[in-house]
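[1] What follows is a predicted structure for the sequence shown.
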Amino acid sequence: MIFVTVGTHEQQFNRLIKEVDRLKGTGAIDQEVFIQTGYSDFEPQNCQWSKFLSYDDMNSYMKEAEIVITHGGPATFMNAVSKGKKTIVVPRQEQFGEHVNNHQVDFLKELFLKYELDYILNISELENIIKEKNISTIVLLICSSYNEKMKFLNMAEIFFIVFYIIYLTSILLHSLFKNPDFDRILAAFNSLIIGIVSLAFYHYYKNTTLELDKILKAFLFNGLILFFLGGTYYYCLHNNIQNISIFGRDLIGSDWINGMHTQRAMGFFEYSNLIIPITVVTNLYIYMKLRNYSIMTIGVVLLFTFILPIGSGSRAGIVAILAQMFILLLNTVVVKKKTIKFLLYILPFLLVIVMMLYFDNLLSIYYRIINLRSGSSESRFSLYKDTVNIVINNSLLFGEGVKELWLNSDLPLGSHSTYIGYFYKSGLLGLMNIVPGLLLIFTNIGRKAKQSAFYYEIVGTLITLFSFFALEDLDGANWLIVFIFTVLGILENKDFYSQLKRWKS
C-alpha cells in the first residue's frame, strides 16, 4: 500500500494529488493508494481519499503502508522514517501556490545530507522514484527470509553479495568438474576474496565519518607524484636510460604483440593501464581542492597529471582522461562565467593544432592514434570474442568461474574487460546482479552529488571511469579494486558532501 499525506496547511497541494491519481489510473502504480488531501480542491478519481484524518487513523495508515509520500513538514516525514518506511518527500513550493515561501525545499536540502530520504522538486520524477522503491521492497523481502539484518545494507551491496555467491558457486563447479590448474583455482579464490574485501571497504567508507581536508590533500600529493613519474619517464627516454626499478617494479616497460614492439610508461605499477584509473580519480579530487583557483591554474595542474598517462600508451585511457579534463574545465568556465578568458587561454593550444594540421592532415593523425599498439587491438578483440563464445557454449548461467589461459598465452580468458570478465566468471546470473549493483552505486552517488556544487564533475568522472573499465580489468590488481570501491564509498558518503558544502562556503 502507498499512503499519501499533504498535511493540514490551508493551501492546496493539487500538484502531488493529481500526479498520484494519474499514476494509479494509468497502472504505473499497482498498489492500493490512500490519499489525505487536506485543503486541496482536486478530488482523486482512482484512489481512496479523505480530506483529514485523526491522529490514530494517520498512524494506522502509515504503519500499514510500504511507501509513504508526504509533504515537506518535518514532523510528518520524520515520523515515516522512524517507522522504517520507504519515504518520498515532495516539498510544497511557493511558485505553485502551495505555501507562502520555499522553506520546505531549503530545509530538505540541508536534511538530505544526514538522512536516507528521497525528495523531489519536479513532480514528473515521482513515477521513477516509486518504481525504485518497489524494486527495493521486493529484493529486501527476498533477503530478509534468510537474514533480517540485511536491512543495514543498501541495495547495491545486496546485489554484489548475490553476485559473489554465484561466483563462488561457479568456482566450485569448475574446480570439481573441469580439473583446472591449481594455480588458476587459487587465482580465482584470490579474486573472490579481494572482491569481498573491496565491498567491505565500500560499506565502511560509505558510512564512516571522513576528514575531507586530509582526503583532498592526499590526492593533491598523488598528483605531484604522477607529475614526477611522468617527468622522470620522459627524462629517461630523452637520455637513453633503459629503465629504473624499485622493489622489482619498473618505470619503463615494453610490449611485444604480434611481433610489434612498444615502449610504455609503467610508473612502478604492475602494468601500464593501472595509471589511468589512478589519474582519473586523482584529477577529480585535485579539481575539488583547486576549484576556487583560476582556470589557467586548474588547466595547468591537470595537464601535469596527464604526462604519465600519455606515456602509458593506453588509447582508451588517454581518451577517458581527455574527456574528463574537458568536463572539468568546461564546468569551471560555466561556474566562473569567464568564457572569453577561457577561449584566450586555449588560443595558443588551438594555434599549435592548426600548425600541426598544416603539415599533416587530420585523417593521418587519426590513423596514427588508431594504429598505436594495433597488435594489442587485434589480440584484445579476439580475446573478447573467444571469452564470450566459451561462456555461451559451456556454462551460460554460472560462467566458467576459473580463468583459464587463452591459447597458451599468458592472458587469462575474461581479462582486459571488467564487464566481460564478470560474465566469464559468473555467467548470465552473475551479470544480472553485478550490473544493477554498479548502476545503483552510480545512481546513489549521483543523487547525493546533485546537492553539491560538483554534480557534473563527479558524474562525468564516473562515466569516464566506468567506460574505461569496459576495456580494462577492474580486478587486474588486488589493490585497484579495493581503491576504486573505497573511492565509490567516499563519493556516496553523506558526511563527505556535508563537509564539502561547509568547506566550499
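    That came through, no problem. Note that the structure is predicted; figures quoted are calculated from it, not measured.

[2] and Lys214, how far is that from Lys289?
    To Lys289, Lys214 is 11 Å away according to Cβ to Cβ, to the nearest Å. C-beta coordinates here come from the backbone N, C-alpha and C atoms, glycine included.

[3] and if you look at Val435?
    Counting by Cβ to Cβ, the gap from Val435 to Lys289 is 33 Å.

[4] More neighbours: the two, which one.
    Set side by side, Val435 and Lys289 give different neighbour counts by other Cβ atoms under 10 Å, the larger being at Lys289 (20 against 15).

[5] Doesn't the more buried one lie inside a helix?
    Yes - when DSSP: H, G, I helix; E, B strand; the rest coil is applied, Lys289 is found to be in a helix.

[6] what does the model give the closest residue in space to it that isn't next to it in sequence for pLDDT?
    Beyond its immediate neighbours in the sequence, the residue positioned closest to Lys289 (Cβ to Cβ, 6 or more residues apart in numbering) is Leu216, lying 4.2 Å away. What the model reports for Leu216 is a pLDDT of 92.

[7] Looks like Leu216 contacts Met288 (just checking).
    Yes - shown here, Leu216 and Met288 form a contact pair, counting by Cβ atoms under 8 Å, at 6.0 Å.

[8] okay, those two: which has more neighbours?
    Ranked by neighbour count (other Cβ under 10 Å), Leu216 and Met288 place Met288 first, with 22 against 18.

[9] Which elements pack onto the longest helix along the chain?
    For the chain, the helix reaching the highest residue count under DSSP state H is reported as helix 418-449. Contact partners of helix 418-449 among helices and strands, from 3 or more Cβ pairs under 8 Å, 6 or more residues apart in numbering; DSSP states H and E: helix 155-178, helix 182-207, helix 374-394, helix 455-468, helix 478-491, helix 494-504.

[10] Let me have those helices in CSV, extended by mean pLDDT, mean neighbour count and distance to Asp41.
    Compiled in CSV, those are given as follows (pLDDT from 0 to 100; neighbours: other Cβ atoms under 10 Å; distance: least, Cβ to Cβ, whole Å):
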stretch, mean pLDDT, mean neighbour count, distance to Asp41
helix 155-178, 93, 19, 38
helix 182-207, 94, 17, 44
helix 374-394, 83, 15, 59
helix 455-468, 94, 19, 37
helix 478-491, 95, 20, 44
helix 494-504, 80, 17, 38
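
[11] Between those helices, which one is closest to Val105.
    Judged by Cβ to Cβ, the one of the helices and strands packed on helix 418-449 that comes nearest to Val105 is helix 494-504, at 15.8 Å.

[12] Could you export the closest one as CSV, CA atoms only?
    As requested, the backbone C-alpha atoms of helix 494-504 are provided in CSV (Å, rounded to 0.1, in the frame of the first residue of the first chain):
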residue,chain,number,x,y,z
LYS,A,494,26.7,11.9,3.1
ASP,A,495,29.3,13.3,5.6
PHE,A,496,31.6,13.9,2.6
TYR,A,497,29.0,16.2,1.0
SER,A,498,28.2,17.9,4.2
GLN,A,499,31.8,18.7,4.8
LEU,A,500,32.3,19.7,1.1
LYS,A,501,29.4,22.2,1.4
ARG,A,502,30.9,23.7,4.5
TRP,A,503,34.4,23.7,3.1
LYS,A,504,33.2,25.5,-0.1
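
[13] tilt between it and helix 182-207?
    Here helix 494-504 points in a direction 50 degrees away from that of helix 182-207 (axes from the mean of the first three to the mean of the last three Cα atoms, to 10 degrees).

[14] looking just at contacts, which helices and strands does helix 494-504 meet?
    For helix 494-504, the helices and strands in contact under the criterion 3+ Cβ pairs under 8 Å, 6+ apart are helix 212-238, helix 418-449.

[15] Just want the most central residue of the chain.
    The residue at the geometric middle of the chain, judged as the C-alpha nearest the mean C-alpha position with Cα atoms, centre = their mean, is Phe442 (3.4 Å).

[16] check contacts around the closest residue to it other than its chain neighbours.
    On the basis of Cβ to Cβ, 6+ apart, the spatially nearest residue to Phe442 that is not a chain neighbour turns out to be Leu462, at 5.8 Å. Contacts for Leu462 (Cβ atoms under 8 Å, 6 or more residues apart in numbering) come out as 442, 445-446, 491.

[17] Let's test this: name the helix or strand in the protein with the lowest mean pLDDT.
    Least confident helix or strand, the chain: helix 362-371 with a mean of 48, by mean pLDDT, DSSP states H and E.

[18] Run through this protein and note the low-pLDDT ranges.
    Applying pLDDT under 70 to the chain flags residues 112-117, 132-152, 255-261, 334-377, 503-505.

[19] Would you mind splitting it into its domains for me?
    Residue ranges of the domains in the chain are recorded as 2-144, 186-504, according to automatic domain parsing.

[20] if we can go back for a sec, identify the contacts common to Leu216 and Met288.
    Residues touching both Leu216 and Met288 do not exist when contact is defined as Cβ under 8 Å, 6+ apart.

[21] which residues of the stretch 1-150 of the chain fall in helices?
    Defined through DSSP state H, counting those that start in this stretch, the helices belonging to the stretch 1-150 of the chain, from first to last, are 14-26, 55-64, 74-82, 103-111, 126-144.

[22] rewinding a little: please name whichever of the helices and strands packed on helix 418-449 is nearest to Asn79.
    When those are compared (using Cβ to Cβ), the closest one is helix 494-504, at 20.9 Å.

[23] Quick one: residues in contact with that closest one.
    112-114, 208-210, 212-213, 288, 291, 448-449, 451-454, 490.

[24] angle of it against helix 212-238?
    For the pair helix 494-504 and helix 212-238, the angle between their directions (the same axes, to 10 degrees) equals 80 degrees.

[25] Tell me the gap between helix 494-504 and the middle of its chain.
    Here helix 494-504 shows a centroid-to-chain-centroid distance of 19 Å under the convention Cα atoms, centre = their mean, to the nearest Å.

[26] quick one on the thing from earlier: out of the contacts of Leu462, which is nearest to Ile194?
    Ranked by distance to Ile194 (Cβ to Cβ), these are led by Leu491 at 20.5 Å.

[27] show me what contacts that closest one?
    445, 448-449, 458, 462.

[28] Tell me where the stretch 251-400 of the chain has helices.
    Using DSSP H, counting those that start in this stretch, the helices assigned to the stretch 251-400 of the chain run over residues 275-290, 295-305, 307-312, 315-336, 339-359, 362-371, 374-394.

[29] And the fourth one, what's buried?
    Of the residues in helix 315-336, those scored as buried under the neighbour-count criterion (16 or more other Cβ atoms under 10 Å) are 315-321, 323-325, 327-329, 331-333.

[30] What helices and strands are in contact with it?
    Helix 315-336 makes packing contacts with helix 275-290, helix 295-305, helix 307-312, helix 339-359, helix 455-468 when contacts are defined by 3+ Cβ pairs under 8 Å, 6+ apart.
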